[in-house]
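Q: Below is the structure, and that's it, no one-letter string:
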Ligand code: VGL
Ligand code: ZN
C-alpha cells in the first residue's frame, strides 16, 4: 500500500508564520492534489508541537538571537524563533490543507530538552515517536513525503524512513517541498538521494 506523509504543513512555516519558509504555502495545493488523485491508502501528517519555552527557541537562551548556533543538552542546536507552540494558531495546519483526509497525526518536538526534526525520532535518536511501528502495522510498501522544510524536517524524516523502515520504498516529492536555506536544500536533496530516497515530482507520484 502507498502512503503519503505530509511534513509540518503548519501556519508557523508559511508566510506570516513565526518560522516562515519562503513560498511555504505553495506546498498546500500540491499536497491537496496528491491527497485527491495520488491513490494513497493512508494519509499521515506530522505536526511540530512545542511546549512554551522549548529548548530550541533562542528566547530560552539568554543572549542568543534566532538562527544563531547554540547548544541544547550539550549538542549543537540552531536557535529558532519561538514557533509552533502547542495550542496556538502558529501550530495549526494551514487552513487550506485538506485536513479531513488525514488518517493519523504524528506530533513531535514535545520534549523541551531535545529537538525533533524527524517525524520518526528525536534528533538525539533516543526516543522514537512510534510512526515507524504505525506504518509497518499498516503494511505500507511505498512512502511518499512532502512538506516543510526541505532542509530540516523533510530531510530528517526521509532519512529516518529509509533507516527505520527497511524494504519500504521512500520517495521525496520535490515540488511539494520548500526549504529554509538554498544551500541546505541542495545538500539535503543530495543526502536523501545518496541514502536511497527516490527524488520525484508530483506528476510522477500520481502516475505510480
Ligand atoms: C522545522 C526547524 C524547527 C521544520 C521545525 O519543520 O522543518 N524546522 N522546527
Ligand atoms: Zn520546531
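A: Good, I have the coordinates. Since the structure is predicted, the reported quantities are computational estimates derived from the model, not experimental observations. Ligands and ions are numbered 1, 2, ... in the order given.

Q: what about stretch 147-158 and ligand 2, any contact?
A: No. Stretch 147-158 lies out of reach of ligand 2 by C-beta under 5 Å from the ion, never closer than 7.5 Å. Placement of C-beta: from N, CA and C, glycine included.

Q: neighbouring contacts of that stretch?
A: Stretch 147-158 has contacts (C-beta atoms under 8 Å, 6 or more residues apart in numbering) with 5-10, 13-14, 21, 24, 27, 31, 46, 48, 117-120, 123, 145-146, 170, 172, 176-181, 184-185, 187-189, 191-192, 195, 197.

Q: Show the residue spans covered by the strands in this protein.
A: Taking DSSP state E as the test, the strands found in the chain are 2-7, 42-48, 69-72, 75-78, 104-108, 142-148, 169-178, 198-200.

Q: that older thread, give me the buried entries from the contacts of stretch 147-158.
A: 5-10, 13-14, 21, 24, 27, 31, 46, 48, 117-120, 123, 145-146, 170, 172, 176-181, 185, 188-189, 192, 197 (16 or more other C-beta atoms under 10 Å).

Q: Can you tell me the closest non-neighbouring residue to residue 2?
A: Leaving aside its chain neighbours, residue 2 sits nearest to residue 142 (4.4 Å; criterion: C-beta to C-beta, 6 or more residues apart in numbering).

Q: That neighbour contacts residue 3, doesn't it?
A: Yes. If you go by C-beta atoms under 8 Å, residue 142 and residue 3 touch, sitting 7.1 Å apart.

Q: Those two: which has the busier surroundings?
A: residue 3 (23 against 17; other C-beta atoms under 10 Å).

Q: What's the separation between the closest residue to ligand 2 within the chain and residue 147?
A: With C-beta to the ion, the shortest gap between the chain and ligand 2 falls at residue 48, namely 4.2 Å. According to C-beta to C-beta, to the nearest Å, residue 48 and residue 147 sit 10 Å apart.

Q: Can you work out which residues contact both of these two?
A: In contact with both residue 48 and residue 147: 8, 153, using C-beta under 8 Å, 6+ apart.

Q: returning to what we had before: in a markdown table, list the strands of the chain along with mean pLDDT.
A: Shown next, in a markdown table, are the strands of the chain (pLDDT from 0 to 100):
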| stretch | mean pLDDT |
| --- | --- |
| strand 2-7 | 99 |
| strand 42-48 | 99 |
| strand 69-72 | 98 |
| strand 75-78 | 97 |
| strand 104-108 | 98 |
| strand 142-148 | 99 |
| strand 169-178 | 98 |
| strand 198-200 | 98 |
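
Q: Tabulate those strands (TSV), appending distance to residue 208.
A: Shown next, in TSV, are the strands of the chain (distance: least, C-beta to C-beta, whole Å):
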stretch	distance to residue 208
strand 2-7	9
strand 42-48	17
strand 69-72	41
strand 75-78	37
strand 104-108	23
strand 142-148	9
strand 169-178	10
strand 198-200	9
